[in-house]
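Trainee: Okay, here's the prediction I keep looking at, along with the sequence it came from:
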Amino acid sequence: MQNPWAELSPNGGTYLLDVDREQIERYNVVQVEGAKLVLESVPEPFIGNPRTANVVLLLLNPGHSLEDPQAHRDPVFKAALFRNLRQEVQDYPFYPLNPTLSSTPSARWWMPRLRELKETSGLSFAEISKKLLALEWFPYHSKSSGLPTTPVCESQKYTFCLAGAVAPAVVSPLQVLHRATVNSARGKPVELVIAFLTRHAF
């Protein structure tokens, strides 16, 4: 399946794929304020390189903090976001682990939650960045989740396609390295499922 996120323009004040527009605008009309999608932040349907990752994290959708709008306007962070969306090569495929971006809300959210993985594996964040893939069930940001249990927009199919591509490599039954429910800095519980894939383990 062709990557629809390669078509997202970095210009303009909002970030919404044309294939999602009608569904997302209709969705936002009926949501209460906290659950409305924040289209001024760059969507993050996935983070990392699916071709090199051997650890997968499954999440619901990207959160939103008051600092996000400024962070998503920062040229360096924004460039990393769009390289990721286009699946272009970068030194830190899992960009929240890039020390250059350590002051961003994304880095401050991810680094504490991956510290145990770093200590357990004995690898640096640079090495982990090449082995880690996060898949969000839904790509757009929101402060709180009012998402239904069925798909909302067309672009979700691409994330499901990525999940399907890595699924044959998953240990069966799934070998779970670490599972934890944590309270995020953005005020909602997030369940992280970190699973080894058979391509090669840490």
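Mentor: Arrived safely.

Trainee: and the residue nearest in space to the middle of the chain, what does it touch?
Mentor: Residue closest to the average C-alpha location in the chain (C-alpha atoms, centre = their mean): Phe46, at 3.8 Å. Shown in contact with Phe46 (C-beta atoms under 8 Å, 6 or more residues apart in numbering): 84, 133-136, 159, 162. Quick note: C-beta positions are derived from backbone N, CA and C, even for glycine.

Trainee: which of the residues in the lengthiest helix in the chain are buried?
Mentor: Once the chain is assigned using DSSP state H, the helix that runs over the most residues is helix 105-121. Neighbour counts using 16 or more other C-beta atoms under 10 Å place 105-110, 113-114, 117-118, 121 of helix 105-121 among the buried residues.

Trainee: again, but for stretch 87-99
Mentor: Within stretch 87-99, the residues that qualify as buried by neighbour count (16+ other C-beta under 10 Å) are 87, 92-98.

Trainee: Could you give the average pLDDT over it?
Mentor: For stretch 87-99, mean pLDDT rounds to 97.

Trainee: how far does it stretch from start to finish?
Mentor: The straight-line separation of the ends of stretch 87-99 (C-alpha to C-alpha, to the nearest Å) is 20 Å.

Trainee: Name the residues that touch that stretch?
Mentor: The list of residues contacting stretch 87-99 from outside it, by C-beta under 8 Å, 6+ apart, reads 3, 6, 47-50, 52-53, 80-81, 83-84, 101, 104, 106-107, 109-111, 114, 125-126, 128-130, 132-134.

Trainee: do that again at 6 Å, thanks
Mentor: With contact meaning C-beta atoms under 6 Å, 6 or more residues apart in numbering, stretch 87-99 is reached by 47-49, 80, 83-84, 106-107, 110, 125, 129-130, 132.

Trainee: Over to stretch 141-156?
Mentor: Contacts of stretch 141-156 (C-beta under 6 Å, 6+ apart): 4, 17, 19-20, 23-24, 27, 31, 34-35, 37-38, 41, 60, 62, 64, 138-139, 188.

Trainee: ok, now with 8 Å
Mentor: Identification of contacts with stretch 141-156 by C-beta under 8 Å, 6+ apart yields 4-5, 17, 19-20, 23-24, 27, 31-32, 34-38, 41, 43-45, 60-64, 68, 137-140, 157, 160, 186-188.
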